[in-house]
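Chemist: model this:
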Amino acid sequence: MSQTRRLAAILAADVAGYSRLIGANEGDTLTRLKAIRAELLDPTITAHNGRLVKTTGDGLLVEFGSVVDALHCATAVQAGMAQRNLTTPADKRIEFRIGINVGDIVVEDGDIFGDGVNVAARLEGLAEPGGICVSARVQEDAAGKLELSFEDMGEQALKNIARPMRAYRIATGPVSAATKETPALALPDKPSIAVLPFANLSADPEQEFFADGIAEDVITALSRYPSLFVISRNSSFTYKGRAVDVKQIGRELGVRYVLEGSLRKSGDRIRVTTQLVEAHTGKHVWAERYDRDLADIFAVQDEITEAMTIAVAPAIAGAEQHRALRKPPESLDAWAAYQRGLWHLDKAAPDDNALAEKFFQQAVDLDRNFADAYCGLALAQMYSATVFLTRPMASVQTSAEPLARLAVALDGNNAVAHSCLSSALFYRGDHHGALAEADCALELSPNLAFGYFRRGAALIFSGWPQEGLRDLQTSLRLEPRGSYLAHRLTQVAVGCYYSRAYENAVEAAKQAIRSFPEFPQPYRWLTAALGQLGRVEEAKAVLEIAIAVAPASFDFYVRECPPRFRQEDHAHMLEGLRKAGWRDE
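Modeler: Take a look at the predicted model:
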């Protein structure tokens, strides 16, 4: 293989909304693309001394010897496409996004590689449909040589590119004018999402109402999540039937995430595909496909809506935490500091819990009206007192509970705040109050996993373990890998133990330990369950670990009866520990 290096201008282009166009009419789209290449792309590239390196289904890569040639070619292509689209309906238009960079490339057997190519591809992702985005190097090289207007887009974080890069948008007529007429809306202080009307790709026009119904129901369901800012149906549905890039939607509606989907019917089967996209970058955060029989169309609509909703909210939560983790601590705003706190809190380890408390306090200091930040701070303090014993148990009532009550006072419709207050009441033994607050949370947000977790725990420790387990299973179904997982898995073990389903308690405790080896609570319940089963040798080995992992915690829980325990339930736990070989000396 021959390999050379050289400096080149690289043009990367792709078709905006290609998947939607292919899904709507594959044959027509491919035929039109073939004609565009033969009549416009190939001749224009040749006329400006370019070399077509390769094509993909929806894109192409071109090498030029100069920036001037690359820019002349790009503007000619976009002008030609604008002319072709004048008589084409908006939902059928083929529009290219183009990115241009200058950089060092590696040429091997006709193909090109290197950072210069990667940056061009990322810049193309920043461009509008019908638009051109270039690097600062391209802007500098073109200055004074071409009569083009460059619009500064600021520093951009490009995927897989180590350093932020300044990018520029080239004014190309209608696209740039539209951008200037519709300035980007500021993002809310929590994750924001627009749910677009789902495209009906079936030949049956009757399915249009079904597609609209799913999108409308998802909007309603997501609106019940206190952590999300959801754009109304009236605003989202203005994009129905329009070929609009998600980046444009993100700017026009002021949202970070866009949920889009499509529906296709074949016989008595229906397929709904959906994807969650980060609007600014175009990055896919989550995607799923749902295949169902259409026996009862409304039941299917409800089923798909629920499945989609309970997947989207955790996907956004995960994406938000990763965004926060990419920021240096000194640059965090209140929301990002809160996300960092959640990330550490969910590690269920003493050092991480301390860091979580620090980040939640930072969020509170930055925004004194941020109810969720007070919730996080209260929970971190509760766990330090009840799990890791790094602060006195009385602090739950004297410090954490007032924080939870403040969160509710700041935002009475915040289901997370009511769930947090449920936690505080639970830890000080007010099970009746804990159940009431959990019920309030679930009335406000029926799909809130945290609410089901808190109600399930309160039921288990109130003497209703079977009912509590049902709520915990619902919590895990709604959010199988999400927040407070160590605590939820441990409560499953407790519920099974109190139900005298000791084998199930063993499996639940082992699952918690595998996922969170530094979390002390499940070791104690695993020891007690093994003791009840007569698996003494195995129980003794786990008992040693249970004591070694957190000696102070183990000693406290066997010698004291914490407020949340009923006396008979605490005695039941001690019975299992004694059968495992523990001696109260």
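Chemist: can I get the CA coordinates of stretch 315-332 in PDB?
Modeler: Presented in PDB, the C-alpha positions along stretch 315-332 are these (Å, rounded to 0.1, in the frame of the first residue of the first chain):
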ATOM      1  CA  ALA A 315     -31.800   8.400  28.300                       C
ATOM      2  CA  ILE A 316     -31.900  12.200  28.700                       C
ATOM      3  CA  ALA A 317     -30.800  11.900  32.300                       C
ATOM      4  CA  GLY A 318     -27.800   9.900  31.300                       C
ATOM      5  CA  ALA A 319     -26.900  12.300  28.500                       C
ATOM      6  CA  GLU A 320     -27.100  15.300  30.900                       C
ATOM      7  CA  GLN A 321     -24.800  13.600  33.300                       C
ATOM      8  CA  HIS A 322     -22.200  13.000  30.600                       C
ATOM      9  CA  ARG A 323     -22.500  16.600  29.500                       C
ATOM     10  CA  ALA A 324     -21.800  17.800  33.000                       C
ATOM     11  CA  LEU A 325     -18.900  15.400  33.400                       C
ATOM     12  CA  ARG A 326     -17.200  17.000  30.400                       C
ATOM     13  CA  LYS A 327     -17.100  20.400  32.100                       C
ATOM     14  CA  PRO A 328     -14.300  21.500  34.500                       C
ATOM     15  CA  PRO A 329     -15.700  21.900  38.000                       C
ATOM     16  CA  GLU A 330     -14.900  25.600  38.100                       C
ATOM     17  CA  SER A 331     -17.100  26.300  35.100                       C
ATOM     18  CA  LEU A 332     -20.200  24.400  36.300                       C
END
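Chemist: Where is the longest helix in this structure?
Modeler: Ranked by residue count under DSSP state H, the longest helix found in the chain is helix 297-325.
Chemist: SS state for the residue lying closest to Cys561 once chain neighbours are set aside?
Modeler: Excluding its sequence neighbours, the residue lying closest to Cys561 (CB to CB, 6 or more residues apart in numbering) is His570, at 4.4 Å. For the C-beta atoms, the positions are set from N, CA and C on the backbone; glycine is no exception. Secondary structure state of His570, per DSSP: H, G, I helix; E, B strand; the rest coil, is helix.
Chemist: His570: neighbour count?
Modeler: As a burial measure, the neighbour count of His570 was computed by other CB atoms under 10 Å and equals 16.
Chemist: mind checking pLDDT for it?
Modeler: The score at His570 is 97. That number is its pLDDT.
Chemist: can you list contacts of the strand or helix carrying Cys496?
Modeler: Counting by DSSP states H and E, the element that carries Cys496 is helix 485-498. Applying CB atoms under 8 Å, 6 or more residues apart in numbering, the external contacts of helix 485-498 come out as 346, 348, 453, 456-457, 460-461, 465-466, 468-469, 472-473, 475-476, 502, 504-505, 508-509, 511-512, 515-516, 519, 521-522, 525-526, 528-529, 532, 569, 572-573, 576.
Chemist: Can you select the buried ones from the residues you listed in PyMOL?
Modeler: Here the buried members of the contacts of helix 485-498 are turned into a PyMOL selection, burial being counted by 16 or more other CB atoms under 10 Å:
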select buried, resi 346+348+453+456+457+460+461+465+468+469+472+475+476+502+504+505+508+509+511+512+516+519+521+522+525+526+528+529+532+569+572+573+576
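Chemist: which sections of the protein are below the confidence cut-off?
Modeler: Counting by pLDDT under 70, the chain shows low-confidence ranges at 1-2, 160, 162, 172-184, 243-244, 585.
Chemist: how does it divide up, domain by domain?
Modeler: Residue ranges for each domain of the chain read 3-181, 192-322, 327-471, 484-585, as given by automatic domain parsing.
Chemist: Single out the most deeply packed of those.
Modeler: Most buried of the domains of the chain, by mean neighbour count (mean count of other CB atoms under 10 Å): domain 327-471, with a mean of 21.
Chemist: Give me the next element, helix or strand, following the helix holding Cys496.
Modeler: That would be, after helix 485-498 and using DSSP H and E, helix 502-515.
Chemist: which secondary structure elements does that next one contact?
Modeler: Counting contacts by 3 or more CB pairs under 8 Å, 6 or more residues apart in numbering; DSSP states H and E, the secondary-structure elements packed against helix 502-515 are helix 485-498, helix 521-532.
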